[in-house]
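[1] give me a model of this one.
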Amino acid sequence: MAQTIVFGTDGWRAVIADDFTFENLDRVALATARTFLKHPRIRNGIVIGYDARFMSREFAERVALVMAGSGVRVRLADAIASTPMVSLATLRMRAAAGVVITASHNPARYNGFKIKGDFGGPAHPEMVARVEKELARVLKLKRLPPAPLSLDAPLARRKIQMISMRESYLEEIRQRIDVDRLQRANLRILVDAMHGAGMGVFPALASGVTEMRAEYNPSFGGVNPEPLAKNLQVLIARVPREGFGIGIATDGDADRVGAVDERGAFVDSHRIFSLVLKYLVEDRGMTGEVAKSFSVSTMVDAQCRKYGLTLHETPVGFKHLCRLMTERDILIAGEESGGLGVKGHIPERDGVLLGLLLCEMMAVRSKPLSVLVQELMDEFGHREFRRVDLHVGGRAKEAIMNRFRRGIRSIGGYPVRERKDTDGVKYTVDGGWLLARASGTEPLIRIYAEGSSTEQVDALLRDATGGR
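    Numbers count the residues shown, from 1 in each chain. Predicted coordinates for the structure are as follows:
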């Protein structure tokens, strides 16, 4: 009997051999294939890629077999591919959809199934809803339709075609970055691939790159492949010690980014968002609207006021931002977790592109990253941000969220000025804010806080988490 299958903010993720089984994967693959069989581009097939997690290749091949058995032409990656690579391939091949076998930044015991739209970005919510509706029907089947047992026959009949996604992706990035400017800057870059799908990509795009954690290791060395400061301690230590100008980290499927300045200070996704926005407007002379998720810094709001740009705020999940990127003239869109997309590229997060844009900004302005960050703070006001993940489930998880839902008058000694329930519960105080969100796929509550000082952030989080 199939176990629970739940689609969250970015696809279906589950623990390998628990809920993420071949049996469940067969059902999700069949539901996805049936959903897109009526798509106008289905003759061009569905693109499938996979990351560097345990058994990701085998899971991707299984999805390909199920889809081929359902009458869908499949374009299957011939090697590990990042999420942006799969999204770009989906767009360029005019495919009906794309699928990435990845659990992104989740711990090594997880794997997942992301769906991409024909436009080259996360499937819109209504697309996912159609897959879920079809999945409900599939789950009622006593037996699934037969699928090929191996790749041999479908490959021979070209129902499954192996494709390379790397070179076309590299060429796309070269068109978005001033590679010559980077070469002339002689910037030394240390890249932490975190054993993820971004392995080997940066050295192919820029000189002066040294990689670390760029070997296949599906356990990720015991560290979650998420580019947060707590997971990047070796990168943080090596950059100043070995004289690198910048450290860049990408997550498990290389669609998120984190950075370290030349002094070893971590530069979080909020500051990267604001730095890139500043660069695109002031140096590249680009225009458009801005979109951010509910948990992103208010510094972006201040920038939009200065530049006269329309700002959109969405629930958490890049699928909401992607919709805006496909429907409006969005200059930059981003979320707190380090996923940002920019105008002119696919409507998708891309950690490699964003990391290189930071490097390009340093080259164009001839300033170290620490100075660029300080200038940003001097202009738009100092802000600190921190997130705490509470690993709780069941009744404890619900009890904590109920406390926030009931209403709070003050947090950390700061009176609450405003409440928003766009996604989770967010309370605004003088100089900052706090947001509590329950994960839909994990026994987890995320508590986000921003303030004008580390002391304010610590006070907000200490109160919200009970000192956990």
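[2] measure stretch 137-146 end to end?
    End-to-end distance of stretch 137-146 (CA to CA, to the nearest Å): 17 Å.
[3] how about the nearest residue to residue 273, chain neighbours excluded?
    Nearest residue to residue 273, sequence neighbours excluded (CB to CB, 6 or more residues apart in numbering): residue 334, at 4.5 Å. No exception for glycine: its C-beta is placed from N, CA and C like everyone else's.
[4] list the contacts of that neighbour.
    Counting by CB atoms under 8 Å, 6 or more residues apart in numbering, residue 334 touches 269, 273, 291, 292, 293, 296, 321, 340, 341.
[5] now these as JSON lines including neighbour count?
    Shown next, in JSON lines, are these (neighbours: other CB atoms under 10 Å):
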{"residue": "269", "neighbour count": "25"}
{"residue": "273", "neighbour count": "26"}
{"residue": "291", "neighbour count": "27"}
{"residue": "292", "neighbour count": "25"}
{"residue": "293", "neighbour count": "23"}
{"residue": "296", "neighbour count": "26"}
{"residue": "321", "neighbour count": "29"}
{"residue": "340", "neighbour count": "28"}
{"residue": "341", "neighbour count": "28"}
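[6] list just the nearest of these to residue 425.
    Using CB to CB, residue 293 comes nearest to residue 425 of these, at 15.2 Å.
[7] any regions of the stretch 1-150 of the chain where pLDDT drops low?
    1-3 (pLDDT under 70).
[8] that older thread, ok, the residue nearest to residue 273 to residue 138 distance?
    35 Å (CB to CB, to the nearest Å).
[9] give me every residue that touches residue 166.
    79, 81, 85, 201.
[10] for the residue nearest to residue 273, give the beta-bridge partners.
    Per DSSP bridges, residues listed as beta-bridge partners of residue 334: residue 292, residue 340.
[11] distance of it from residue 271?
    11 Å.
[12] repeat that for residue 168.
    For residue 168, the distance to residue 271 - CB to CB - is 31 Å.
[13] the two - which one has more neighbours?
    residue 271 (23 against 14; other CB atoms under 10 Å).
[14] confirm that that one sits in a helix.
    Yes. Counting by DSSP: H, G, I helix; E, B strand; the rest coil, residue 271 is part of a helix.
[15] that one contacts residue 375, correct?
    No. In this structure residue 271 lies outside contact range of residue 375 using CB atoms under 8 Å: 11.3 Å.
[16] can you give the domain ranges for the protein?
    7-168, 184-380, 384-465 (automatic domain parsing).
[17] which one, of those domains, ends up nearest to residue 177?
    When the domains of the chain are compared (using CB to CB), the closest one is domain 184-380, at 4.8 Å.
[18] first-to-last residue distance for the closest one?
    End-to-end for domain 184-380, by CA to CA: 31 Å.
[19] burial of residue 46, as a residue count?
    So residue 46, with other CB under 10 Å, has 32 neighbours.
[20] and residue 449, helix, strand or coil?
    What three-state DSSP gives for residue 449 is strand.
[21] give the buried residues for the strand or helix carrying residue 357.
    Assigned by DSSP states H and E, residue 357 belongs to helix 351-365. Buried positions in helix 351-365, judged by neighbour count with 16 or more other CB atoms under 10 Å: 351-364.
[22] for the residues you listed, give me CSV that also has pLDDT and distance to residue 119.
    Shown next, in CSV, are the buried residues of helix 351-365 (pLDDT from 0 to 100; distance: CB to CB, whole Å):
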residue, pLDDT, distance to residue 119
351, 97, 20
352, 98, 20
353, 98, 17
354, 97, 20
355, 97, 24
356, 98, 23
357, 98, 22
358, 98, 26
359, 98, 28
360, 98, 26
361, 98, 28
362, 98, 32
363, 97, 31
364, 97, 30
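[23] so the residue nearest to residue 288 when sequence neighbours are not counted, which of the three states?
    Nearest residue to residue 288 in three dimensions, chain neighbours excluded: residue 331, at 3.1 Å (CB to CB, 6+ apart). Following three-state DSSP, the label given to residue 331 is strand.
[24] what's the neighbour count on residue 331?
    Counted with other CB under 10 Å, residue 331 comes out at 24.
[25] what about it, distance to residue 104?
    Separation of residue 331 from residue 104 (CB to CB): 25 Å.
[26] residue 55 and residue 110 touch, don't they?
    No. Assessed by CB under 8 Å, residue 55 is found out of contact with residue 110, at 11.7 Å.
[27] between those two, who's got more neighbours?
    Taking other CB under 10 Å, residue 55 and residue 110 do not tie; residue 110 has more neighbours (23 against 17).
[28] can you list the residue ranges for helices in the stretch 301-450 of the chain?
    Under the criterion DSSP state H, counting those that start in this stretch, the stretch 301-450 of the chain contains helices at 318-327, 351-365, 369-380, 394-406.
[29] go through the ones you listed and name the closest to residue 423.
    Residue 423 sits nearest to helix 318-327 of all the helices of the stretch 301-450 of the chain, at 9.0 Å, using CB to CB.
[30] what's next to that closest one, contact-wise?
    For helix 318-327, contacts defined as CB under 8 Å, 6+ apart pick out 9-10, 117, 119, 121-125, 128, 289, 291-293, 312, 314, 330, 333-335, 339, 341, 347-349.
[31] and the angle from it to strand 330-334?
    Helix 318-327 runs at 180 degrees relative to strand 330-334, counting by axes from the mean of the first three to the mean of the last three CA atoms, to 10 degrees.
[32] in helix 318-327, what's buried?
    Within helix 318-327, the residues scored as buried using 16+ other CB under 10 Å are 318, 319, 320, 321, 322, 323, 324, 325.
[33] nearest to residue 67, of those?
    Using CB to CB, the buried residues of helix 318-327 come closest to residue 67 at residue 319, 21.5 Å.
[34] who touches stretch 88-99?
    29, 32, 36, 39-42, 44-49, 60, 63, 75, 77, 81, 86-87, 113-120, 123, 163, 165, 168-169, 172, 346, 348.
[35] C-alpha coordinates for it, PDB please?
    C-alpha atoms of stretch 88-99 as PDB (Å, rounded to 0.1, in the frame of the first residue of the first chain):
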ATOM      1  CA  LEU A  88      16.900  25.600 -19.000                       C
ATOM      2  CA  ALA A  89      16.800  22.300 -21.000                       C
ATOM      3  CA  THR A  90      13.000  22.100 -20.500                       C
ATOM      4  CA  LEU A  91      12.600  25.600 -22.000                       C
ATOM      5  CA  ARG A  92      15.100  25.200 -24.900                       C
ATOM      6  CA  MET A  93      13.700  21.800 -25.900                       C
ATOM      7  CA  ARG A  94      10.100  23.200 -25.800                       C
ATOM      8  CA  ALA A  95       9.200  20.200 -23.600                       C
ATOM      9  CA  ALA A  96       5.800  19.900 -21.900                       C
ATOM     10  CA  ALA A  97       7.500  19.800 -18.500                       C
ATOM     11  CA  GLY A  98      10.600  18.900 -16.500                       C
ATOM     12  CA  VAL A  99      11.300  16.800 -13.500                       C
END
